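K.L.:
show me the folded form of this:
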Amino acid sequence: MKRLLLLTVGLGLAWTLQDQSQVPVQPGFSPEEVTGPWNTLELASTDRSVIEEEGAYECFMTGIALLDNDNLNVTYSHRKNGKYMEEFYVAEKTDTPGRYTFDYYGKNYLTFVAVTKDFTIMDLENQKEGNPLIVVELH
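P.N.:
Modelled structure (predicted):
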């Protein structure tokens, strides 16, 4: 129940803010806090079809590694044609600590909204052809 509540709050914030520059970032964010193995617990989206079976964002984060240039190497397990495949994405740091960008079905903005030793909530906004898509992940 707590997971659902956290995810609902995160999605609600993302949906109401719509502008990525307005999505709240974890205060005092340090990339070392999010490195290591992770398990995806819940996904929510403004377009449910993208997180359903074999949707573009139906994926499970398995880990984050900090690169020498302070970018993040994010590992996801995606299901394609009924099989899971590991894929790696380099999330490039921005001027805002806790906010990154990467290309996947267009430009994506990744924001660490909440980070604790037990969980992290990530807001992902995709901008493709002017149509915003928001996915919130609880790990």
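
K.L.:
beyond the lengthiest strand in the chain, next helix or strand please.
P.N.:
Identified as the longest strand of the chain according to DSSP state E is strand 83-93. Downstream of strand 83-93, the next assigned helix or strand under DSSP states H and E is strand 99-103.

K.L.:
okay, the angle between that next one and strand 83-93?
P.N.:
Here strand 99-103 points in a direction 130 degrees away from that of strand 83-93 (axes from the mean of the first three to the mean of the last three Cα atoms, to 10 degrees).

K.L.:
for strand 99-103, name the packing helices and strands.
P.N.:
Packing contacts for strand 99-103, counted by 3 or more Cβ pairs under 8 Å, 6 or more residues apart in numbering; DSSP states H and E, involve strand 83-93, strand 107-115. All C-beta atoms are positioned from the backbone trio N, CA, C, and that covers glycine.

K.L.:
elements contacting the shortest one?
P.N.:
Contact analysis of strand 107-115 by 3+ Cβ pairs under 8 Å, 6+ apart lists helix 2-17, strand 99-103, strand 120-128 as its packing neighbours.
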